[in-house]
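> generate coordinates for the sequence data below:
(2 chains)
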Amino acid sequence: MRPRLVVIGNGMAGARTVEEILARGGDFDITMFGDEPYGNYNRIMLSNVLAGVEDESGIFLNDLSWYADNNITLHTGTRIERIDRHAKRVYCEDGTETPYDKLIIATGSRAFVPPIPGLHRPGRGYHQGVFAFRTLDDTRSMIRYAREHERAVVIGGGLLGLEAARGLQNHLPHVTLIHAAGHLMNAQLNEVAGETLRATIEAKLGIEVVVNGRTTEIQGKHAVTGVKLGDGRVIPCDVVVVAAGIRANAEMAAASGLVVERGIVVDDQMRCQDEDDIYAVGECAQHRGETYGLVAPLWDQAKVLADHVTGVNPYAEYHGSQVATKLKVAGVDVAAMGLQAPERDDDESLTFTEPRKGIYKNVIIRDGRLVGATMVGDVKKVAFLMQAFDRGLALPEERAELMFDLGGPAGEVKVEEMADDEQVCNCNGVSKGAICGVVQGGCKTVTGVMDKTRAGKGCGTCKPLVQRIVEWAAGGEVEEDPAASFYVPGIPMPKPELMNAIRLHSLKSVSAVFATLGGEEDAKSKMGLASLLKMMWGGDYVDERDARFINDRVHANIQRDGTFSVVPQMKGGVTTPAQLRRIAEVAEKHDVPMVKLTGGQRIDLLGIPKEKLPEVWADLDMPSGYAYGKSFRTVKTCVGSDFCRFGVGDSTALGIALEERYQGIEGPGKMKLAVTGCPRNCAEAYVKDLGVVAIDGGKWEIYVGGAAGAHIRKGDLLTTVSTPEEVITLTGRFLQYYRENANWLERTYAFVPRVGIDRVREIVVDDADGIAAALDAAMAASVAAYRDPWKDREEPATPGQFRTSLPLTVLPQVPVRA
Amino acid sequence: MRAIGFLDEIPPGEGRTFAVDGEMVAVFRLRDGSVRATQAVCPHKGGPLADGQIDLKQVVCPLHLNAWDLSTGCSLSGQPDVAVYPVRIDDNKILLGE
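Numbering: from 1, shown residues only, chains lettered A, B, ... in the order given. Okay, here's the model as predicted:
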């Protein structure tokens, strides 16, 4: 015979626990008793039923057929009066008895009704017009009665009272809320937050709120006519709703000999104290001194109980729930978790209030971890806060980010609300579903998922969203990828450590680095190492061509069909008729499919087959413009003071000088510069890795860390100087500092804010660390080592350097534009 | 089995493409001295695999950085697999086929 499982209580806790047991293949004869005459419904939705936004039928969780389908015997409208723990039987009011092998008590809670004179009429229950707010029946009679009346008073300014007040407004014109404590929702909110909520509710909803209001009497002979307060005031009304909290339904358990304090006392397996076969779950249970009135803890409890009773995991333990709530209370967004106020002297507490909009935000941080947060009126950041609170995540150094979105590429997309087929990575066409699939397949690191799906591997804008999806899909089991802090994935060291090791062992080639520091060679690490070694050793670097990306092997940018683009240098975007004529002749001679002006003020010849590159360079006889490398690219300029009637500085000359000096310098990422002759900024210098702006009085402003690609950022003002020479020196020093300290592929728009503009200025401008001379010398060495790579056209550097890799494909395959 | 070219046509750690009976085969010379052969064109967007960067295990396509296992042809980044061919070196000759 299968063991008999009896469940007392058919509410959310009882039914959810049974669902969890069935999901674990629990093999029981199940009998459930509910004292309400219905199947199982979502009690939280009752306020929506009261407000008229939800139909009664919409709140049922399991209809009667669910019980039948799962062979559950359901007794509705049946109250259990007593448990015989020794005979293992439960007794109904009508005397019938039911034996059990395992028993679950899920009797929930009921409305707490304070002892107020006039609330009851002897022998008739509540006075005419008085209602509790707990069950579907309560809700129905309240709606029926309210519709025919004018004025309602709600007693209790907690969550339930607020919901009742809002709901009642749909049925009668005047609602007053009376709360005994000094501010609304005092269990969850501190005083300022509660006050903000009150102001919003009064102003927006027109509900009158009385705090510090002790109800001393319900007046009215045959029906309710008013409520009298402790200060003598009488508030006329014809409906009274009591929502003053809940109490666990534990009397029957206590009478049956179980240990009951504020609820039925359970252990970490949800078993009643000293009982092997009786469990309690939900609002009726008291675990480690806590009773819970919200659903989230209930779900946790149901899982542990089911794990244990089915034997799927006999060691499952419930450790209590950190209560974090996010609710729409009476139409106002409210979120609360953990502490309401700082407790220790060194707790950090941040508060933002904007009373006119009804916004209050507070976060409390202890030892770098979030221990409390309260949000009223604006809960946009709450998803992150709840995660940080639950998991003790590290918090952003910029604490204001806990409360506000301070820009950045990711909008506030709610991961849980995204459809599975919604595209996350718009470069590589990866959907949310694809990312979740890989996580479910067992890959739980962000970088691992990015490698497998290619999500976030295009422009990189979606990386934060990919990270959030992985975190969500892994349900809190995201694994730290240790490689995230490495300069390149194949060598387990951050950049400073790696540079020390390279110096220590005198590692001058990429293969030597792998052999000494990394063990196995890694294709994806080669390019970053090649760049670093070249920067560190200059002319002593042992150049292994396989460490280079194809673009750097052939000094051109590979295109979609395997052809290349050729961009000759055009310093400062200034050209000559002779140069234009030369380019035109080369384009015609080689049938170049497309000639295009670039964003960096140069001319691009597109669709050149690899094997023709040396010939094209020879015909051009111009230096490389480096439009293919992680390197110094170009200096964009405006026409400056020579011609422009607004120009205040010779931007063109300075741009040319900068490009002349720093051409071809390789780095962790591209370096795009601009010099503009006045603050009108025609050369877009504010959004460059380094941008120079001439200002009146012969001065030059230098901005660093700007970007206007996938990521848009205005650069930070580094300093203002008086001469072009200073601009050239500081540019070199800043770029060298960036080269030595930025992570691989970390552009200045990420590097500068990471280090902080103040710190960058200290080093580059003020020389606070005394390294300016060394930076200048290192940059000077790199400058001296410059050699135009397009001069390598006579002798290939390696066998078949320019041999086609698609010999049977007729190239170019791109459309030819005449 | 047939000779399709010479090992010294391929620099260490790089790949080169050879035309064989109207098919294109990318041959890679690994830094441990061994060779691998795959189809020359990436199945994702037609990238030239011989222009990719390699290590002892994988080739990374230069166009979109998808990766394939050089020995099995299995995709390491969610793309279709590539064909791999038996290949070995005999006295500087690249020998393709069983």
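> how is chain A carved up into domains?
Residue ranges for each domain of chain A read A:4-109+A:248-310, A:120-244, A:324-402, A:415-485, A:495-548, A:552-629, A:632-784, as given by automatic domain parsing.
> any chance of CSV for those, columns distance to chain B, mean neighbour count and mean pLDDT?
All C-beta spots, glycine's among them, are computed from the backbone N, C-alpha and C. CSV is the format used below for the domains of chain A (distance: least, Cβ to the nearest Cβ, whole Å; neighbours: other Cβ atoms under 10 Å in any protein chain shown; pLDDT from 0 to 100):
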stretch, distance to chain B, mean neighbour count, mean pLDDT
domain A:4-109+A:248-310, 31, 19, 90
domain A:120-244, 45, 19, 91
domain A:324-402, 27, 18, 85
domain A:415-485, 6, 18, 82
domain A:495-548, 3, 19, 93
domain A:552-629, 4, 19, 95
domain A:632-784, 12, 20, 94
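> can I get these in CSV including distance to residue B:20?
Formatted as CSV, the entries for the domains of chain A read as follows, by distance: least, Cβ to Cβ, whole Å:
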stretch, distance to residue B:20
domain A:4-109+A:248-310, 57
domain A:120-244, 73
domain A:324-402, 55
domain A:415-485, 30
domain A:495-548, 23
domain A:552-629, 19
domain A:632-784, 37
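> ok, the closest residue to chain A within chain B - contacts?
Nearest residue of chain B to chain A, counting by Cβ to the nearest Cβ: residue B:13, 2.8 Å away. Counting by Cβ atoms under 8 Å, 6 or more residues apart in numbering or on different chains, residue B:13 touches A:511, A:544, A:545, A:546, A:547, B:29, B:30, B:31, B:54.
> figure out the helix or strand that the first one lives in.
Going back to what we said before, that points to residue A:511. Under the assignment given by DSSP states H and E, the secondary-structure element containing residue A:511 is helix A:510-513.
> and the strands in chain B, which stretches?
Assigned by DSSP state E, the strands in chain B fall at B:2-6, B:15-20, B:23-29, B:35-39, B:53-54, B:58-60, B:67-69, B:84-85, B:87-90, B:93-96.
> what's stretch A:587-598 in contact with?
With Cβ under 8 Å, 6+ apart as the contact definition, stretch A:587-598 has outside contacts at A:567, A:583, A:586, A:603-608, A:612, A:615-616, A:619, A:627, A:812, A:814-817.
> among those residues, which are located in helices?
Among the contacts of stretch A:587-598, the residues falling in helices (DSSP state H) are A:583, A:586, A:615, A:616, A:619.
> of all those residues, which two lie farthest apart?
The largest separation in the ones in helices among the contacts of stretch A:587-598, counting by Cβ to Cβ, is between A:583 and A:615 at 14.7 Å.
> closest to residue B:5 out of the domains of chain A?
When those are ranked by proximity to residue B:5, the top entry is domain A:552-629, at 16.4 Å, counting by Cβ to Cβ.
> that closest one: how far from the chain's middle?
Taking Cα atoms, centre = their mean, to the nearest Å, one finds domain A:552-629 lying 43 Å from the centre of the chain it belongs to.
> and it, end to end?
The distance separating the two terminal residues of domain A:552-629, taken as Cα to Cα, to the nearest Å, comes to 6 Å.
> likewise stretch A:347-364?
7 Å.
> equivalent analysis for stretch A:282-289, please.
Start and end residues of stretch A:282-289 are separated by 14 Å (Cα to Cα).
> list the residues that contact residue 60.
Using chain A. With contacts defined as Cβ under 8 Å, 6+ apart, residue A:60 is in contact with A:38, A:39, A:40, A:41, A:42.
> actually chain B
Taking Cβ under 8 Å, 6+ apart as the criterion, residue B:60 is in contact with A:523, A:524, B:52, B:53, B:54, B:66, B:67.
> how about those residues, which pair is most distant?
Across these, no pair lies farther apart than B:54 and B:66, at 13.3 Å, counting by Cβ to Cβ.
> and the gap between residue A:624 and residue A:674?
In this structure, residue A:624 and residue A:674 are separated by 20 Å, where distance is defined by Cβ to Cβ, to the nearest Å.
> surely residue A:334 forms part of a strand?
Yes - under DSSP: H, G, I helix; E, B strand; the rest coil, residue A:334 falls within a strand.
> bridging residues for it?
With DSSP bridges as the criterion, the beta-bridge partners of residue A:334 are residue A:327, residue A:376.
> I'd say it and residue A:197 touch.
Yes - Residue A:334 sits in contact with residue A:197 when judged by Cβ atoms under 8 Å, with a separation of 6.6 Å.
> any residues in contact with both of the two?
When contacts are counted by Cβ under 8 Å, 6+ apart, residue A:334 and residue A:197 are jointly contacted by A:185, A:189, A:376.
> tell me which element the second one is part of?
In this structure, residue A:189 sits in neither a helix nor a strand according to DSSP H and E.
> what residues are up against it?
Counted by Cβ under 8 Å, 6+ apart, residue A:189 has contacts A:183, A:197, A:334, A:336, A:340, A:374, A:376.
> just residue A:26 next, same as before
When contacts are counted by Cβ under 8 Å, 6+ apart, residue A:26 is found next to A:5, A:306, A:309, A:310.
> which ones among these map onto strands?
Secondary structure from DSSP E places residue A:5 of those in strands.
> the residue lying closest to residue B:88 once chain neighbours are set aside: what's it in contact with?
Using Cβ to Cβ, 6 or more residues apart in numbering or on different chains and skipping residues adjacent in sequence, the residue nearest residue B:88 is residue B:95, 5.3 Å away. When the contact criterion is Cβ under 8 Å, 6+ apart, the partners of residue B:95 are B:1, B:2, B:3, B:4, B:87, B:88, B:89.
> count of residues packed around the third one?
When you say that, I think you mean residue B:3. Residue crowding around residue B:3 was assessed by other Cβ atoms under 10 Å in any protein chain shown; the count is 12.
> can you check the second one too?
For residue B:2, the neighbour count with other Cβ under 10 Å is 10.
> likewise the fourth one?
Residue B:4 has 19 neighbouring residues, counting by other Cβ under 10 Å.
> quick check: it touching residue B:94?
Yes - applying Cβ under 8 Å as the test, residue B:4 and residue B:94 come out as touching, 5.3 Å apart.
> shared neighbours, those two?
Residues touching both residue B:4 and residue B:94 (Cβ under 8 Å, 6+ apart) are B:18, B:27.
> if any of the contacts of residue B:60 are buried, give me the PyMOL selection for them.
Buried members of the contacts of residue B:60, identified by 16 or more other Cβ atoms under 10 Å in any protein chain shown, are gathered into one PyMOL selection as follows:
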select buried, (chain A and resi 523+524) or (chain B and resi 52+53+54+66+67)
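> closest one of the contacts of residue B:60 to residue A:433?
For residue A:433, the nearest member of the contacts of residue B:60 is residue B:66. The distance, counting by Cβ to Cβ, is 19.8 Å.
> phi and psi next, for the closest one.
Geometry field for residue B:66 lists phi and psi as phi -70, psi 150, criterion degrees, to the nearest 10.
> next up, the contacts around it.
Residue B:66 is in contact with A:454, B:42, B:44, B:47, B:60, B:75, B:76, B:77, B:79, counting by Cβ under 8 Å, 6+ apart.
> cutoff 6 Å now
Contacts for residue B:66 were tallied using Cβ atoms under 6 Å, 6 or more residues apart in numbering or on different chains; they are B:44, B:77, B:79.
> may I have the secondary structure class of residue A:393?
Taking three-state DSSP, the label given to residue A:393 is coil.
> please, which helix or strand holds the closest residue to it other than its chain neighbours?
With Cβ to Cβ, 6+ apart as the measure, residue A:387 is the residue that lies nearest to residue A:393, at 6.2 Å, once sequence neighbours are left out. For residue A:387, the host element (DSSP H and E) is helix A:382-391.
> C-terminal to that helix, what's the next element?
Moving toward the C-terminus from helix A:382-391, the next helix or strand (DSSP H and E) is strand A:423-425.
> sorry, back to before: so the residue nearest to residue B:88 bridges to which residues?
Beta-bridge partners of residue B:95, counted by DSSP bridges, are residue B:3, residue B:88.
> element containing residue A:780, please.
helix A:772-784.
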